[in-house]
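> Pasting the sequence and the predicted model now:
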Amino acid sequence: QAREIEVIRKTLTTPAVLMPLPIAAQAQSLQYPGFYIGAEGGLNWMFQTNVATPLGTSGTLYPSTGWAAGGMVGYDFVGPRVELEGIYRSNQATVGSGPFNAFGASKDDTAIMANVLYDFNAGGTIVPYIGAGAGIAFVRPSALGVSTDTTQFAYQAILGVGYNIDTMFRVNLDARYYGTTNPYLAGTGYNNNNISAMLSLQVKLGAPAVAPPPPPPPQAAAPS
């Protein structure tokens, strides 16, 4: 009789041991507080705007699709994130009274941005996020062999989605509105507003060791 009581006790307690395991696995987060670094790249579109030419006449700036590349270092609070970003944008354009009656121009834009972001569903696999940033931009427009170096205040708004590959690697795809105070060429300012589509890869520093899988549950003794 004592043996039968022991078999019944093991049979009843085994499910109680197994039940917390899926709950614990589900609660495991793919994000944890810590520093991260990353690299990014994408496309950049300037808005069409009016600009004065080095010849003293005014014309319309017709930008072509440009590119952007940079990197960041940040800290993840698992929800809020803060980061310092360095990014370079390059655009070619034509300037004149029309896109077929114009001369070439270019703009190089290097910005140092302090960004504040917030992750929704932090710790999950798919992580939508929003953010905003402010900083300083070094803008160099050029046309007809004339260029001007200017330093401007820069700002941006960010809307994106991240994919946590695991606790160490994360991929992000976001859209940004980026602008600066008006740089100038030949003494006349112009609007410098952009939209960018960026793809980035981030690596979390000091990722925790992966916990070993739980031991298999003890085998219940067969009833006699």
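The structure has been received and is ready for your questions.
> Can you pull the phi/psi pair for Asp149?
For Asp149, the backbone dihedrals are phi -100, psi 120 (criterion: degrees, to the nearest 10).
> Verify the contact between it and Arg140 for me.
Yes. With contacts counted by Cβ atoms under 8 Å, Asp149 reaches Arg140, the gap being 5.2 Å. For every residue, glycine as well, the C-beta is placed using N, CA and C.
> who has more neighbours, these two?
Arg140 (16 against 10; other Cβ atoms under 10 Å).
> mind checking how far the strand or helix carrying that one is from the chain centre?
Element membership of Arg140 [criterion: DSSP states H and E] is strand 126-143. Here the centre of strand 126-143 is set off from its chain's centre by 11 Å, with Cα atoms, centre = their mean, to the nearest Å.
> what about the residue nearest the centre of the chain, which helix or strand?
The centre of the chain sits closest to Asn172, judged by Cα atoms, centre = their mean, with a distance of 5.1 Å. Element membership for Asn172, per DSSP H and E: strand 169-180.
> For the next helix or strand after that strand, which strands pair with it and how are they oriented?
Per DSSP H and E, the first helix or strand lying C-terminal to strand 169-180 is strand 184-185. Next to strand 184-185 in the sheet, as set by DSSP bridges, lie strand 188-189 (antiparallel).
> now the strand it pairs with: how far from the chain's centre is it?
Relative to its chain's centre, strand 188-189 lies at 32 Å (Cα atoms, centre = their mean).
> State the mean pLDDT of that strand.
Averaging pLDDT along strand 188-189 yields 72.
> I'd like the next helix or strand past that strand.
Sequence order places strand 192-204 as the next helix or strand after strand 188-189, per DSSP H and E.
> Against which helices or strands is that following strand packed?
Other elements packing on strand 192-204 under the criterion 3 or more Cβ pairs under 8 Å, 6 or more residues apart in numbering; DSSP states H and E are strand 34-46, strand 66-76, strand 80-98, strand 101-119, strand 169-180.
> at 7 Å instead, please
Secondary structure elements in contact with strand 192-204, counted by 3 or more Cβ pairs under 7 Å, 6 or more residues apart in numbering; DSSP states H and E, are strand 34-46, strand 169-180.
> Output these in CSV; the columns should cover mean pLDDT and distance to Pro217.
Shown next, in CSV, are those (pLDDT from 0 to 100; distance: least, Cβ to Cβ, whole Å):
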stretch, mean pLDDT, distance to Pro217
strand 34-46, 96, 34
strand 169-180, 97, 32
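> Among the ones you listed, which comes closest to Gln92?
Closest approach to Gln92 among the helices and strands packed on strand 192-204 (Cβ to Cβ): strand 34-46, 9.7 Å.
> ok, the closest one: who's next to it in the sheet?
strand 66-76 (antiparallel), strand 192-204 (antiparallel).
> next helix or strand past that strand?
Counting by DSSP H and E, the next helix or strand C-terminal to strand 34-46 is strand 49-52.
> could I get that following strand in PDB with only the CA atoms?
Extracted in PDB, the C-alpha atoms of strand 49-52 (Å, rounded to 0.1, in the frame of the first residue of the first chain):
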ATOM      1  CA  THR A  49      13.500  73.800 -53.300                       C
ATOM      2  CA  ASN A  50      14.600  77.100 -54.700                       C
ATOM      3  CA  VAL A  51      18.200  78.200 -54.400                       C
ATOM      4  CA  ALA A  52      20.400  81.100 -55.600                       C
END
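> Would you tell me what the next helix or strand after the strand holding Arg140 is?
strand 146-147.
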